[in-house]
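J.: What follows is a predicted protein model with its sequence.
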Amino acid sequence: MKTARPKLSLAALVLAGMAAFALAGHFAATRFIHDQQARQLDQLTEVVLRRSEFAVDFAAASLDELAGRGLATCDPASLQAIRLHVYQRSAVKDVRLVNSDGSVICSAYSETLEFDKGWVDRADMLASRDSKLMLFRVEQFGSDALGVLRDIGDKKALVAILGINSSLFDIMPAELRAYSEVLLALKNGAQLGEFMLDADKALTHPVDFEKSSARYPLRTVIRIDKTVLSTWNSEAYWPAMAVSLALGALFSLLLSRTRRMVGPVADLDRALARGEFKPYFQPIFDLRTGEIRGCEILARWPREDGSVVPPMNFIPLAESSGRIEAMTWQLLGRALADLQPHLKADKDFKLSLNVVPKHILSAGFVETLRSTVAAARVSARQIVIEVTERDELDDLARAAAVVSELRDYGFRVAIDDVGVGHSGLSRLKGLGANTIKIDKFFVDTITVDASTTTIVAILVALARDFHMTVVAEGVETEEQVRALISCGVEEGQGYLVAAPLPFAKFSELMASQRTAGAPVDDTALVA
C-alpha cells in the first residue's frame, strides 16, 4: 500500500497538470485561431480598399492628363480625343464636362447619359483629402458607377465615370465564398458594389470587418457568417491541444528540472550569437528571356536536425523584439561574402535586401550600410534596399530624405508588396524609390480576374510616369508571365525559376544558366 500511494499521487499530479495545461491550451489555441482569422480577414478588407483607391487614383490621373492637354471643352475635336482616351482605359466608362455646381455640360459618350437614373448636385458629393477631388455615386439602370470629379479652375470640372466590376471584390478563400459578402461604399452609406455568391442567401450570424480610406470617402466591408469561422483555419487546434497535454505531463513529472527553459527571444539571441540565420537567394529574372538579373536574399533558420524554420515563425518575433536589425546586418554580411565574386564579375547584377521601415529610419542606418558594402568591395549601385509597404512609414518626409541620401550614394530603393499596403500612389511617388514590386496577390489572380489586369496595367503606367521600374513577385506559371508582359512588366521573381535557395544551390543554378547560355528552370535545385 505504501508504494501504491506515491504512484497514485503521481498519477493524480500528472492528470491535474494535463487538465490545467489542456484548459490553458484550449483558450490559447482558440484565441490564436481567432486572432489569425481576424488578421487575415482584416488584410482582405484592406486589399479591397487599396484596389478601390488605385482605381480612383487612376481616374484622377486620367482627368489631370486631359486637363493638361487642354481638353476640358465640348468642341468635337476635344470630345473625340477624350473618347480615344477612354477607349484606351477600360476602367473608365465615360468622361463628362460639368459646371461648378456639378450639372453636366457635355459627355464624351452622350448615350451613357440615358442610363443615369439620377445625378447628384455638388452639395451631395463627398470631398477627398485633395480638396479639388470629389466622389459620388452615379445611379444607373442595371448597376451603379462611381463618379470622380476634378475641378478645372473655378467654373468647370471634369468627371470620370468608373464602372464597378463585381470581380473586384471576389477575393474570399474558397471555403468562405458561400458564407460571405464583400461591399464597397461611400462614407455617406451609398453602396457602390458588392460580391456575394448567392444573393438570395442571408447570413445568419454576420460579423463585419471594415476599413475606411484616409484619402478618399471610401469604405469597404467584409461581412461573414460567424458560424463558418468555427471551422475555418482551425487546423492548429488539435496539435496545440496535444502539445498542451504533453507539456502538462512533462511539467507534472518534473522531467525538465535538469534543463533550464529558454524563451523564444532567448532562442533568437542564441541563434544570432551562433550565426545560425542564413541568407537564401531567390532569382529576379527577365520575363521575356528568363535571364537572371539579380536576386533577393531571404532569411532562413536551418536547425541541427536538417529542418529549416520558415520565416513566419521567427521574423515577426525578431521585429517586435528589436532583433531584426542585428539579423539584417548579419544576413547582408553573409550574402555579400557569398556573392562577392559574382557581383564583381557582373556589374549589372543586383542584390536586394528587405529592410523594415523602423530600421531604415534608425540612427546610423545609411552609415552602417555603406561601411558593410564597402568592406565587401562591392559597388553600392548593385545593392537594392526593399522597404515593405505592408508596414506604414510614420514619417514620410524623413523616409524620403533617407531614400534620397541612399540614392545619392548609389544605392537603389524598391517598395515591396505594392498594392496591398499602406501607401497611396502619391506616397509612392513622394518616397522617391527606383522600383515597385507588385504583390503576389495580384500575380495569383492576373490570369483569372480582369480587374487585376487593369490594376497591374495602371501600376506599370504610373511607375513609368514616376520613372520607376516594376518587378512582379510570386510568378509561378508561363501563363502569368504572358499576362504580366502584356501589362508591360519586365522582371519577375518566383517559383517559376526557383524557390529561395541556399547559396550552394543558387550558385549551381547560376552556373547552369551560364553554361547553357539560356534560361534554366532547374526544379531539382529547389530546396
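T.: Looks like it arrived, so ask away. Residues are numbered from 1 along each chain as shown.
J.: mind showing which ranges of the stretch 1-150 of the chain have poor pLDDT?
T.: For the stretch 1-150 of the chain, applying pLDDT under 70 flags the ranges 1-30, 33, 90.
J.: try 80 this time
T.: 1-35, 37, 88-91, 112, 141-143 (pLDDT under 80).
J.: need the helices for the stretch 301-450 of the chain, in chain order.
T.: 315-320, 324-345, 357-360, 365-375, 396-408, 425-431, 440-445, 450-465 (DSSP state H, counting those that start in this stretch).
J.: a helix runs through Leu84, doesn't it?
T.: Yes: under DSSP: H, G, I helix; E, B strand; the rest coil, Leu84 sits within a helix.
J.: Lys344 versus that one, what's the distance?
T.: Distance of Leu84 to Lys344, given as Cβ to Cβ, to the nearest Å: 50 Å. Bear in mind the C-beta positions are built from the backbone N, C-alpha and C, glycine included.
J.: same thing with Arg215?
T.: 45 Å.
J.: Ala108 too?
T.: Noted for Ala108: a distance of 56 Å to Lys344, by Cβ to Cβ.
J.: In terms of neighbours, single out the busier of the two.
T.: Ala108 (26 against 14; other Cβ atoms under 10 Å).
J.: Could you double-check that the more buried one sits in contact with Leu84?
T.: No: shown here, Ala108 and Leu84 do not form a contact pair, counting by Cβ atoms under 8 Å, at 9.3 Å.
J.: that older thread, tell me which of the helices of the stretch 301-450 of the chain sits nearest to Gly294.
T.: Comparison of those against Gly294 by Cβ to Cβ identifies helix 324-345 as nearest, at 9.8 Å.
J.: Between helix 365-375 and that closest one, find me the angle.
T.: Put simply, helix 324-345 runs at 40 degrees to helix 365-375, going by axes from the mean of the first three to the mean of the last three Cα atoms, to 10 degrees.
J.: Check the chain for its longest strand and report it.
T.: Across the chain, the strand with the greatest residue count (assigned by DSSP state E) is strand 292-302.
J.: and Leu245, what pLDDT?
T.: Reported pLDDT at Leu245 in the predicted model: 63.
J.: Apologies, that question was intended for Phe466.
T.: We have a pLDDT of 85 for Phe466.
J.: Ramachandran angles for it?
T.: In terms of degrees, to the nearest 10, the main-chain angles of Phe466 are phi -90, psi 0.
J.: Roughly how far does it sit from Val418?
T.: Phe466 is 12 Å from Val418, by Cβ to Cβ.
J.: same question, Ala77
T.: Counting by Cβ to Cβ - Ala77 and Val418 are separated by 37 Å.
J.: Now Ile105, what are its backbone angles?
T.: phi -100, psi -50.
J.: Kindly tell me how buried it is, as a neighbour count.
T.: Neighbours of Ile105 (other Cβ under 10 Å): 13.
J.: got the contact list for it?
T.: Ile105 sits next to Cys74, Arg96, Leu97, Val98, Asn99, Lys156 when contact means Cβ atoms under 8 Å, 6 or more residues apart in numbering.
J.: Leu149: which of those is nearest?
T.: In terms of Cβ to Cβ, no member of the contacts of Ile105 lies closer to Leu149 than Val98, at 7.1 Å.
J.: Which one's more surrounded, Ala77 and Val418?
T.: Val418 (28 against 9).
J.: The more buried one and Ile438 touch, don't they?
T.: Yes: between Val418 and Ile438 there is a contact at 5.7 Å, judged by Cβ under 8 Å.
J.: Need the residues touching each of those two.
T.: Leu459.
J.: Where does Leu146 fall, secondary structure wise?
T.: strand 145-152 (DSSP states H and E).
J.: Thr289 too?
T.: Counting by DSSP H and E, Thr289 is found in no helix or strand.
J.: Thr368 and Val378, how far apart?
T.: Thr368 is 15 Å from Val378, by Cβ to Cβ.
J.: Reformat the contacts of Ile105 as JSON lines; add secondary structure, distance to Trp329 and neighbour count.
T.: Formatted as JSON lines, these follow (DSSP: H, G, I helix; E, B strand; the rest coil; distance: Cβ to Cβ, whole Å; neighbours: other Cβ atoms under 10 Å):
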{"residue": "Cys74", "secondary structure": "coil", "distance to Trp329": "61", "neighbour count": "13"}
{"residue": "Arg96", "secondary structure": "strand", "distance to Trp329": "55", "neighbour count": "24"}
{"residue": "Leu97", "secondary structure": "strand", "distance to Trp329": "57", "neighbour count": "22"}
{"residue": "Val98", "secondary structure": "strand", "distance to Trp329": "56", "neighbour count": "21"}
{"residue": "Asn99", "secondary structure": "strand", "distance to Trp329": "60", "neighbour count": "12"}
{"residue": "Lys156", "secondary structure": "strand", "distance to Trp329": "56", "neighbour count": "15"}
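J.: Farthest pair within the residues you listed?
T.: Cys74 and Asn99, at 11.7 Å, using Cβ to Cβ across those.
J.: what are the pairing partners of the longest strand of the chain, and which direction each?
T.: Sheet pairing of strand 292-302 (DSSP bridges) gives strand 278-286 (antiparallel), strand 308-309 (antiparallel), strand 350-355 (parallel).
J.: Out of these, which is closest to Leu126?
T.: strand 350-355 (37.3 Å).
J.: Pull that closest one out as CSV, backbone CA atoms only.
T.: C-alpha atoms of strand 350-355 as CSV (Å, rounded to 0.1, in the frame of the first residue of the first chain):
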residue,chain,number,x,y,z
LYS,A,350,21.6,43.4,-58.3
LEU,A,351,21.3,42.1,-54.7
SER,A,352,18.1,43.0,-53.0
LEU,A,353,17.6,43.1,-49.2
ASN,A,354,14.4,43.6,-47.1
VAL,A,355,14.6,46.3,-44.5
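J.: Could you verify my assumption that Ala414 touches Ile436?
T.: Yes: using Cβ under 8 Å, Ala414 is in contact with Ile436, at 6.9 Å.
J.: overlap in contacts of those two?
T.: With Cβ under 8 Å, 6+ apart, Ala414 and Ile436 have common neighbours Val471.
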